[in-house]
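In: Give me a model of this one.
(6 chains)
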6 protein chains.
Amino acid sequence: MATELETGSPSVRQIQEMIREGTEVELKLVTGDLLAGKVRWQDNDCIALVDQYDQVTIVWRQAVVYLKPRVA
Amino acid sequence: MATELETGSPSVRQIQEMIREGTEVELKLVTGDLLAGKVRWQDNDCIALVDQYDQVTIVWRQAVVYLKPRVA
Amino acid sequence: MATELETGSPSVRQIQEMIREGTEVELKLVTGDLLAGKVRWQDNDCIALVDQYDQVTIVWRQAVVYLKPRVA
Amino acid sequence: MATELETGSPSVRQIQEMIREGTEVELKLVTGDLLAGKVRWQDNDCIALVDQYDQVTIVWRQAVVYLKPRVA
Amino acid sequence: MATELETGSPSVRQIQEMIREGTEVELKLVTGDLLAGKVRWQDNDCIALVDQYDQVTIVWRQAVVYLKPRVA
Amino acid sequence: MATELETGSPSVRQIQEMIREGTEVELKLVTGDLLAGKVRWQDNDCIALVDQYDQVTIVWRQAVVYLKPRVA
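Out: Numbers count the residues shown, from 1 in each chain, chains lettered A, B, ... in the order given. Sure, this is the predicted structure:
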């Protein structure tokens, strides 16, 4: 059985909201890479990002530095 | 159910105080980036920073190197 | 006895599906390296990748930044 | 309730002693930064350093590479 | 008492097999270093590598990016 | 109370032996630094190194990449 995602913590909840609203985000990674797209799903280990060509990238949480909504 | 933030530890408490007082801080990240702003909230995984344009950045604790109040 | 892999979480399940379907993937690592190949197996610590010469590379999960299916 | 700091382990105890004695230390960080100052407090997550201008820097343990007393 | 190594997981088992068979491997590390040699032993924290001059290097698992058998 | 060091695991035991025998070692760190000296003590979080001038450096285990005895 899988460990449930802690839906009560602010960071998980806010990302959940971004998924529902299709918010464009930027994800900065430990390698210095900056990915842009919409969050499609999250679990305890990963955050999945979809870019404008509908290409999915599964990002490991351990490699995330920061996430921010893109300014329109 | 969410794991509660350990409000008894000095580092969590001091950040909590910075949130209340709206202290300007600098956050150094593992990528070498230096973010500036005010801490808006914290949970077990993240610290949310707001810059002067009211733009929120959710920073993962695992990527934080140090935090210091900005000298006026 | 080994700790079972959490087959219920989306990221583990999707990688499991890529193994079954022989999907070509790219794996970005913390060193900045980008490996290409098919996922052969995964466990709690590692993901094994096989390249076009059938050479196996055992990658530690802790070193993975992101994984994405290669665009044809 | 907060998890208590393990005051029985040598590293925690030695840092506790440096706090009492006001020892000048150098702290090397994963970013390559080298901070100098006196340790003011420590908890399970952080070590707080005070520089010569009485400016506090809260350093995350996860980002510490080494600590050494400064040679006079 | 020591925590037992999880001999049931594929990655631990395959490394155990490489020890028995004296397989030449390459070990990529987070610093970008690439070590070559044979695995002599492994435990929960480390993997010990022996080079051609019988010099032992104790590598921390946390610093391992990938391991692959050397192509003859 | 402090968590006991796992003296049963090979890596801890071998470092314990190096302490007793005063073995000269090289310690490679995640920053790329290479420290040389003798191991004075170890606990669950740190390894303390003493250089030829009897200067102590407390190294965090999390920052260690590899350790090897220096070749005479």
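
In: check which helix or strand covers A:Ile19.
Out: For A:Ile19, the element it lies in under DSSP states H and E is helix A:10-21.

In: just checking, what packs against the helix or strand following that helix?
Out: In the C-terminal direction, the helix or strand that comes right after helix A:10-21 (DSSP H and E) is strand A:24-29. Using 3 or more Cβ pairs under 8 Å, 6 or more residues apart in numbering or on different chains; DSSP states H and E as the contact test, the elements touching strand A:24-29 are strand A:34-42, strand A:46-50, strand A:64-69. (Each C-beta comes from the backbone N, C-alpha and C, glycine too.)

In: Is chain B within reach of the second one?
Out: In this case it means strand A:46-50. No: on the criterion Cβ under 8 Å from any Cβ of the partner chain, strand A:46-50 is out of touch with chain B, staying 10.4 Å away.

In: just stretch A:64-72 next, same as before
Out: Yes: if you take Cβ under 8 Å from any Cβ as the test, stretch A:64-72 does meet chain B, through A:64-69, A:71.

In: picking up where we left off before, to C:Val30, which of the helices and strands packed on strand A:24-29 lies closest?
Out: Proximity to C:Val30, assessed across the helices and strands packed on strand A:24-29 by Cβ to Cβ, is greatest for strand A:64-69 (11.9 Å).

In: Each with direction, which strands does that closest one pair with?
Out: Strand A:64-69 pairs in its sheet with strand A:24-29 (antiparallel), strand B:56-60 (antiparallel), by DSSP bridges.

In: Show me which residues of the longest one are buried.
Out: Judged by neighbour count using 16 or more other Cβ atoms under 10 Å in any protein chain shown, the buried positions of strand A:24-29 are A:25-29.

In: quick one: which of those is nearest chain E?
Out: The nearest member of the buried residues of strand A:24-29 to chain E, counting by Cβ to the nearest Cβ, is A:Leu29 at 14.6 Å.

In: what would the buried residues of strand A:24-29 look like in a markdown table with pLDDT?
Out: Output for the buried residues of strand A:24-29, formatted as a markdown table (pLDDT from 0 to 100):
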| residue | pLDDT |
| --- | --- |
| A:Val25 | 98 |
| A:Glu26 | 98 |
| A:Leu27 | 98 |
| A:Lys28 | 98 |
| A:Leu29 | 98 |
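
In: Straight-line length of stretch A:48-64, end to end?
Out: 12 Å (Cα to Cα, to the nearest Å).

In: For that stretch, the averaged confidence score.
Out: What stretch A:48-64 shows for mean pLDDT is 97.

In: Show residues contacting it.
Out: A:25, A:27-31, A:35-42, A:44-47, B:60, B:62-63, C:10-11, C:14, C:30, C:61-62, C:64-69, C:71 (Cβ atoms under 8 Å, 6 or more residues apart in numbering or on different chains).

In: could you flag which of those residues are buried?
Out: Buried among the contacts of stretch A:48-64 (16+ other Cβ under 10 Å): A:25, A:27-31, A:35, A:37-42, A:44-47, B:60, B:62-63, C:10-11, C:14, C:30, C:62, C:64-69.

In: Please report how far A:Thr31 lies from D:Gly37.
Out: From A:Thr31 across to D:Gly37, the span is 31 Å (Cβ to Cβ, to the nearest Å).

In: Do I have it right that A:Trp41 meets C:Pro10?
Out: Yes: if you go by Cβ atoms under 8 Å, A:Trp41 and C:Pro10 touch, sitting 5.6 Å apart.

In: ok, the residue nearest to A:Ile15 when sequence neighbours are not counted - contacts?
Out: Residue nearest to A:Ile15 in three dimensions, not counting chain neighbours: A:Gln42, with 5.4 Å by Cβ to Cβ, 6 or more residues apart in numbering or on different chains. Each residue near A:Gln42 by Cβ under 8 Å, 6+ apart is listed here: A:5, A:12, A:15-16, A:19, A:48.

In: same deal with A:Tyr66?
Out: Listed by Cβ under 8 Å, 6+ apart, the contact partners of A:Tyr66 are A:27-28, B:29, B:35, B:57-60, B:63.

In: Bridge partners for it, pull those for me.
Out: A:Lys28, B:Val59.

In: How about the contacts made by the residue of chain A found nearest chain E?
Out: Here chain A gets closest to chain E at one residue, A:Val30, 10.3 Å apart by Cβ to the nearest Cβ. The contact partners of A:Val30, taken as Cβ under 8 Å, 6+ apart, are A:63-65, B:30-31, B:63, C:30, C:65.

In: can you rerun that using 7 Å?
Out: A:63, A:65, B:30-31, B:63, C:30, C:65 (Cβ atoms under 7 Å, 6 or more residues apart in numbering or on different chains).

In: Having no further points to raise, I will conclude here.
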